[in-house]
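A.B. asks: Based on what follows, work out the 3D shape:
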Amino acid sequence: PNEGSTARDHLANERTLLAWVRTSVSLIALGIAVAKFDPNRKTGLAVGLMLVCLGIVMIGTSRVRYFDVLQSLERGEFRINEGGVNVILGLIVFVSVASLIVMTTV
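C.D. replies: Next comes the predicted model:
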């Protein structure tokens with residue numbers, strides 16, 4: 001059971017959400033910049049689109065995670081989120097490998 005400060009735990013959960021959103025917005029902005037300023041338009045568009053999609057998925061995942069943790073804190077328990085972390089890490093690896101493939105074949 002969660003025996004710590006409830007306010008501290010909720011604020012930590014909110015800070016974590018904001019950090020995920022900040023990272024997601026940064027990925028989206030980077031994707032737009034790559035698509036706009038890459039001299040090889042086809043490569044830049046593909047890599048930029050992958051980064052924007054990753055950012056959007058991360059925003060959705062962070063929202064789901066925020067409310068899961070919120071409910072767990074209200075019940076006085078906390079679950080470790082192995083699945084969500086593995087999904088995000090898998091997506092990052094996928095986008096990285098796909099970007100390398102696109103950049104080397106075009």
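A.B. asks: Residue 23 and residue 58 touch, don't they?
C.D. replies: Yes: between residue 23 and residue 58 a contact is recorded at 6.6 Å, counting by C-beta atoms under 8 Å. The way it works is simple: take the backbone N, C-alpha and C, and place the C-beta from them, glycine included.
A.B. asks: and residue 41, how far is that from residue 35?
C.D. replies: Plainly put, residue 41 is 8 Å away from residue 35 if you go by C-beta to C-beta, to the nearest Å.
A.B. asks: Would you mind telling me which of these two has the busier surroundings?
C.D. replies: Under the neighbour definition other C-beta atoms under 10 Å, residue 41 and residue 35 were set side by side, and residue 35 has more, 19 against 11.
A.B. asks: list the contacts for that one?
C.D. replies: The contact partners of residue 35, taken as C-beta atoms under 8 Å, 6 or more residues apart in numbering, are 44-45, 47-49, 52.
A.B. asks: so how far is the longest helix seen in the chain off the chain centroid?
C.D. replies: Of all the elements of type helix in the chain, the one with the most residues (DSSP state H) is helix 41-75. The chain centroid and the centroid of helix 41-75 are separated by 4 Å, computed with C-alpha atoms, centre = their mean, to the nearest Å.
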